[in-house]
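Participant: No sequence on hand, only this structure:
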């Protein structure tokens, strides 16, 4: 009877002892999960308070969620209508504009791709 009692007691100890080990590990797992979440938001913190392009805003919203973007004050640039005639010209050395800026000249050779605009280039 003494041996059965010892074996039963030994099995109870073996069954109960992992509970304290698992409880300690659960706390560590919870801490590491919080650290990982904080580290995952570090790239988002570099955009804090900035106005970003619509494409980047959508990518950040998909990756982090809108609540994180609002929390960090990240906003999307307000775009007006897109002008189809405003684009680069002269093999990316000029830009199609209705009037050229100060110091630019009208490149009449490349203006044909600008529609009603002029191809404006710097000398």
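Facilitator: Sure thing, it's come through. Since we're looking at a predicted model, the values are computed, not measured. Residues are numbered from 1 along each chain as shown.
Participant: Now do the same contact list for the closest residue to residue 106 other than its chain neighbours.
Facilitator: Using C-beta to C-beta, 6 or more residues apart in numbering and skipping the chain neighbours, the partner closest in space to residue 106 is residue 118 (4.5 Å). Any C-beta I mention is one placed from the backbone N, CA and C, and that applies to glycine too. Going by C-beta atoms under 8 Å, 6 or more residues apart in numbering, residue 118 touches 96, 97, 98, 99, 100, 106, 107, 111.
Participant: Which of these fall within strands?
Facilitator: With strands defined by DSSP state E, the entries of the contacts of residue 118 inside them are 96, 97, 106.
Participant: could you dump these to JSON lines with neighbour count and pLDDT?
Facilitator: Listed next are those as JSON lines, based on neighbours: other C-beta atoms under 10 Å; pLDDT from 0 to 100:
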{"residue": "96", "neighbour count": "22", "pLDDT": "89"}
{"residue": "97", "neighbour count": "18", "pLDDT": "88"}
{"residue": "106", "neighbour count": "17", "pLDDT": "94"}
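Participant: CSV for these, including distance to residue 86?
Facilitator: Listed next are the ones in strands among the contacts of residue 118 as CSV, based on distance: C-beta to C-beta, whole Å:
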residue, distance to residue 86
96, 6
97, 7
106, 15
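Participant: Of the residues you listed, just say which sits nearest to residue 9.
Facilitator: residue 96 (89.2 Å; C-beta to C-beta).
Participant: Give me the neighbour count for the residue lying closest to that closest one once chain neighbours are set aside.
Facilitator: For residue 96, ignoring the flanking residues on the chain, the nearest one in space by C-beta to C-beta, 6+ apart is residue 114 at 3.6 Å. Look at residue 114: counted by other C-beta atoms under 10 Å, it has 23 neighbours.
Participant: Please report phi then psi for residue 114.
Facilitator: phi -90, psi 0 (degrees, to the nearest 10).
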